[in-house]
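S.K.: missing the sequence, but the structure's below:
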(Lines give C-alpha, C1' and ligand atoms only; values in the text may rest on other atoms or scores of the structure.)
Protein backbone atom coordinates (compact mmCIF):
# COMPACT_ATOMS: atom_id res chain seq x y z
CA UNK A 1 0.00 0.00 0.00
CA UNK A 2 1.46 3.35 -0.96
CA UNK A 3 1.60 6.32 1.39
CA UNK A 4 -1.46 8.07 -0.07
CA UNK A 5 -3.63 4.94 0.20
CA UNK A 6 -2.36 4.37 3.72
CA UNK A 7 -3.48 7.86 4.78
CA UNK A 8 -6.88 7.46 3.10
CA UNK A 9 -7.36 4.08 4.78
CA UNK A 10 -6.66 5.44 8.27
CA UNK A 11 -8.64 8.60 7.64
CA UNK A 12 -11.69 6.51 6.74
CA UNK A 13 -11.07 4.20 9.71
CA UNK A 14 -10.98 7.15 12.11
CA UNK A 15 -14.12 8.57 10.53
CA UNK A 16 -15.93 5.28 11.18
CA UNK A 17 -14.72 5.27 14.78
CA UNK A 18 -15.78 8.86 15.42
CA UNK A 19 -19.24 8.35 13.94
CA UNK A 20 -19.89 5.08 15.78
CA UNK A 21 -18.62 6.42 19.11
CA UNK A 22 -20.78 9.54 18.69
CA UNK A 23 -23.82 7.31 18.15
CA UNK A 24 -22.97 5.36 21.28
CA UNK A 25 -22.46 8.59 23.25
CA UNK A 26 -25.84 9.95 22.15
CA UNK A 27 -27.59 6.72 23.07
CA UNK A 28 -25.86 6.18 26.41
CA UNK A 29 -25.46 9.75 27.69
CA UNK A 30 -28.18 11.52 25.74
CA UNK A 31 -30.98 8.98 26.03
CA UNK A 32 -29.88 7.47 29.33
CA UNK A 33 -29.20 10.70 31.22
CA UNK A 34 -30.16 13.94 29.46
CA UNK A 35 -33.45 12.81 27.94
CA UNK A 36 -34.31 10.19 30.56
CA UNK A 37 -37.17 12.16 32.11
CA UNK A 38 -38.88 12.66 28.77
CA UNK A 39 -38.28 9.06 27.69
CA UNK A 40 -39.63 7.72 30.99
CA UNK A 41 -43.13 8.54 29.74
CA UNK A 42 -42.82 5.42 27.58
CA UNK A 43 -42.27 1.85 28.69
CA UNK A 44 -40.39 -1.07 27.16
CA UNK A 45 -40.53 -4.53 28.68
CA UNK A 46 -42.13 -3.17 31.86
CA UNK A 47 -39.36 -0.62 32.46
CA UNK A 48 -39.35 3.09 31.78
CA UNK A 49 -37.63 3.84 28.48
CA UNK A 50 -35.08 6.29 29.95
CA UNK A 51 -34.09 3.75 32.59
CA UNK A 52 -33.93 1.01 29.96
CA UNK A 53 -31.52 3.04 27.79
CA UNK A 54 -29.35 3.82 30.79
CA UNK A 55 -29.18 0.21 32.00
CA UNK A 56 -29.56 -1.99 28.93
CA UNK A 57 -30.08 -0.02 25.74
CA UNK A 58 -26.62 1.51 25.58
CA UNK A 59 -25.06 -1.94 25.99
CA UNK A 60 -27.19 -3.39 23.19
CA UNK A 61 -26.37 -0.45 20.94
CA UNK A 62 -22.66 -0.85 21.70
CA UNK A 63 -22.74 -4.53 20.71
CA UNK A 64 -24.61 -3.68 17.50
CA UNK A 65 -22.05 -0.96 16.73
CA UNK A 66 -19.25 -3.51 17.12
CA UNK A 67 -20.83 -5.65 14.41
CA UNK A 68 -21.37 -2.58 12.21
CA UNK A 69 -17.70 -1.66 12.65
CA UNK A 70 -16.63 -5.16 11.62
CA UNK A 71 -18.73 -4.98 8.45
CA UNK A 72 -17.45 -1.49 7.61
CA UNK A 73 -13.83 -2.46 8.19
CA UNK A 74 -14.15 -5.62 6.08
CA UNK A 75 -15.47 -3.50 3.22
CA UNK A 76 -12.70 -0.97 3.72
CA UNK A 77 -10.06 -3.70 3.79
CA UNK A 78 -11.36 -5.11 0.51
CA UNK A 79 -11.46 -1.64 -1.04
CA UNK A 80 -7.81 -0.99 -0.19
CA UNK A 81 -6.79 -4.62 -0.87
CA UNK A 82 -5.54 -5.31 2.64
CA UNK A 83 -8.09 -7.99 3.48
CA UNK A 84 -7.13 -11.42 4.72
CA UNK A 85 -7.49 -14.16 2.16
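M.R.: Perfect, I can see it now. Since this is a predicted model, take the numbers as computed values, not measurements.

S.K.: doesn't residue 7 fall inside a helix?
M.R.: Yes - with DSSP: H, G, I helix; E, B strand; the rest coil as the criterion, residue 7 is part of a helix.

S.K.: mind listing what it touches?
M.R.: If you count contacts by C-beta atoms under 8 Å, 6 or more residues apart in numbering, residue 7 has none. For glycine as for every other residue, the C-beta is placed from the backbone atoms N, C-alpha and C.

S.K.: over to residue 58?
M.R.: So residue 58 contacts 24, 27-28, 31-32 (C-beta under 8 Å, 6+ apart).

S.K.: so what's it closest to, chain neighbours aside?
M.R.: residue 28 (3.5 Å; C-beta to C-beta, 6 or more residues apart in numbering).

S.K.: how much space separates that neighbour from residue 5?
M.R.: 34 Å (C-beta to C-beta, to the nearest Å).

S.K.: with residue 44 instead?
M.R.: 45 Å.

S.K.: now residue 73
M.R.: Distance from residue 73 to residue 5, by C-beta to C-beta: 15 Å.

S.K.: cool, residue 75 as well?
M.R.: With C-beta to C-beta as the criterion, residue 75 and residue 5 are 15 Å apart.

S.K.: in what helix or strand does residue 81 lie?
M.R.: For residue 81, there is no host helix or strand (DSSP states H and E).
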